[in-house]
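Trainee: the following comprises the amino acid sequence and a computationally predicted model.
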Amino acid sequence: MAGRRVVVVGAARSGIAAAELLIERGARVTLTDLRAEVPEAGRLRSAGVTLALGGDVDQTLTSAELIVLSPGVPATAPGVSRARAEGIPVIGEVELASRWLAGRVIAITGTKGKSTTASLTGRMLEAAGFKVTVGGNIGAPLSAQVSVSTADTLHVVETSSFQLETIDTFHPWVAVMLNFSPDHLDRHLNVEAYAAAKTRIFENQTAGDWAVINADDPTVLQMARKTRAAIRLFARDRSIAEGTAIEDQWIVERRRRGSTPLLPLDAIHLLGAHLVYDVMAAATVSALAGATATALTRAVEGFGGLEHAMELVGEVNGVRFVNDSKATNVESALRSIESFESGLVAIIGGRFKGGDLRLLRDALGARARAVIAIGEAAPLVRDALSDIVAVHDAASVGEAVAIGLALATPAGVVLLAPACASFDMFRDYADRGRAFKEAVKKLL
């Protein structure tokens, strides 16, 4: 990269990490962003990064020898498309960083559960004594991990469809496909394009690699046909002859010659039965790496879940408040709703990303006292659900929490499971989750 002209598009955390990595490798780096100002401007300029902010960057892009995209920047953006048409290579930040990693990559994707699975995998491998980094779509960008990468490092990387659609040589030793349902249809052309991006996780695998596959998801099984890697299945419901399964309240590694216990189900302290899949996937990966059952159990027993993912925030007058702000698509929201039996008040809405909100009808009809609609999608929520459950409007998350308390009393649950992105009202899902938690804190 020494002396090469590289343009990084998008000055969020991944783009900044990519720019700093490229500077360290001797490139001449320009970082562009639609914003006129970025908080890290002083640090970046001091490091030698040229900033092109707030304006037309077509000329900047077409003068580059390489373009690196942050995940939030579509590969079909007009300026990027024109540069590609002129023969300029375009890759993503994960692809860039992976070319300098000395250790092996464990890449985890799926429509839901990626963050929990990646975090749990990291905890299990650390408990087993491995040198581990966890990042990508969560935590530190992969570009920020290059400096600590050694031959014995295991890089657990949460990979979104946005990151996978811009890979080229990215090569996971283990590729995990958790599940698949329509999502991000505000970004991808259609469901098929979204699936094609996800399936690229298998693209560069060889016979010496592993693909960890959810055998309970027929679409995932179909997608796994693209891999040349050895397949290791996991299944909670389907009977499989070999792979990770559940027997007598244990997660076990099942082989034709018998089963080996990995960890007991009562070691799992996560709210939501669907999160058992994430534990099974993490245990499968960790067992492939050589982690012992003792290490797996110890890691799971100490794991209470991630912030904003089925997070029990508190209890007021017998009403529990659960923050699942990370449930940004319909399928994720459905699994959250199904985690409760009755007395539920669900807060749903935000910026709609596509999918069918009517898929929530049966689950809500069986267990919900009401739905509170928020954000841009409130009219869509009302149209999809109001004939099956009472729908109330709220102008803010704080108002939704107050209404929820009144509707859920006594002994109910107020669940933030938006089924939508957060960008109409918040910076991101975490900002929305914090607003929910702050509103509950005021009640407490």
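Mentor: On my side now, so go ahead.

Trainee: can you pull the phi/psi pair for the most centrally placed residue in the chain?
Mentor: The centroid of the chain falls nearest to residue 114 when counting by Cα atoms, centre = their mean (4.4 Å). Dihedral angles of residue 114 (phi, psi; degrees, to the nearest 10) stand at phi -60, psi -50.

Trainee: quickly list what the nearest residue to it once chain neighbours are set aside is bridged to.
Mentor: With sequence-adjacent residues excluded and distances taken as Cβ to Cβ, 6 or more residues apart in numbering, residue 114 is closest to residue 158, at 4.7 Å. (C-beta placed from N, C-alpha, C; glycine too.) Bridge pairing for residue 158 (DSSP bridges) gives the partners residue 108, residue 136.

Trainee: for residue 158, the count of nearby residues, please.
Mentor: 26 (other Cβ atoms under 10 Å).

Trainee: swap in the one 4 residues further on?
Mentor: A count of nearby residues for residue 162, using other Cβ under 10 Å, gives 22.

Trainee: looking at this, it is in a helix?
Mentor: Yes - under DSSP: H, G, I helix; E, B strand; the rest coil, residue 162 falls within a helix.

Trainee: pLDDT score assigned to it?
Mentor: If you check residue 162, the pLDDT there is 94.

Trainee: any chance you could map the strands in the stretch 301-444 of the chain?
Mentor: Under the criterion DSSP state E, counting those that start in this stretch, the stretch 301-444 of the chain contains strands at 311-316, 319-323, 344-349, 368-374, 391-393, 413-416.

Trainee: strands of the stretch 1-150 of the chain, start to end?
Mentor: For the stretch 1-150 of the chain, the strands defined by DSSP E, counting those that start in this stretch cover 5-9, 28-33, 50-53, 66-69, 90-92, 104-109, 131-136.

Trainee: looking at the ones you listed, which is nearest to residue 228?
Mentor: strand 104-109 (15.1 Å; Cβ to Cβ).

Trainee: which residues are contacting the closest one?
Mentor: By Cβ atoms under 8 Å, 6 or more residues apart in numbering, the residues outside strand 104-109 that reach it are 98, 114, 117-118, 121, 136, 153-161, 164, 170-178, 198, 201, 281, 285, 289.

Trainee: tell me which of those fall in helices.
Mentor: If you go by DSSP state H, those have 98, 114, 117-118, 121, 161, 164, 198, 281, 285, 289 in helices.

Trainee: can you give me the pLDDT of the residue located most distally from the centre of the chain?
Mentor: Here the chain reaches farthest from its C-alpha mean at residue 257, the gap being 35.8 Å by Cα atoms, centre = their mean. For residue 257, the pLDDT comes out at 88.

Trainee: make 55 the starting number, not 1.
Mentor: From this message on, residue numbering opens at 55, which makes the last subject residue 311.

Trainee: quick one on the thing from earlier: can I get the strands of the stretch 55-204 of the chain in CSV including mean neighbour count?
Mentor: Output for the strands of the stretch 55-204 of the chain, formatted as CSV (neighbours: other Cβ atoms under 10 Å):
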stretch, mean neighbour count
strand 59-63, 25
strand 82-87, 24
strand 104-107, 16
strand 120-123, 26
strand 144-146, 23
strand 158-163, 27
strand 185-190, 22
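
Trainee: which parts of the stretch 305-454 of the chain are helices?
Mentor: Here the stretch 305-454 of the chain has its helices, by DSSP state H, counting those that start in this stretch, at 329-343, 347-355, 384-391, 415-421, 432-439, 451-462.

Trainee: what's the closest of these to residue 120?
Mentor: Closest to residue 120 of the helices of the stretch 305-454 of the chain is helix 329-343 (Cβ to Cβ; 32.1 Å).

Trainee: how about that closest one: buried residues?
Mentor: The neighbour-count check on helix 329-343 (16 or more other Cβ atoms under 10 Å) flags 329, 331-343 as buried.

Trainee: where in the protein is pLDDT low?
Mentor: For the chain, no stretch is flagged by pLDDT under 70.

Trainee: please repeat the previous calculation with a cut-off of 90.
Mentor: 108-113, 126, 129-133, 191-193, 236-241, 243, 280, 310-311, 326-327, 498 (pLDDT under 90).

Trainee: what does the domain assignment say about it?
Mentor: For the chain, the domain assignment from automatic domain parsing gives the residue ranges 59-142, 149-355, 365-497.
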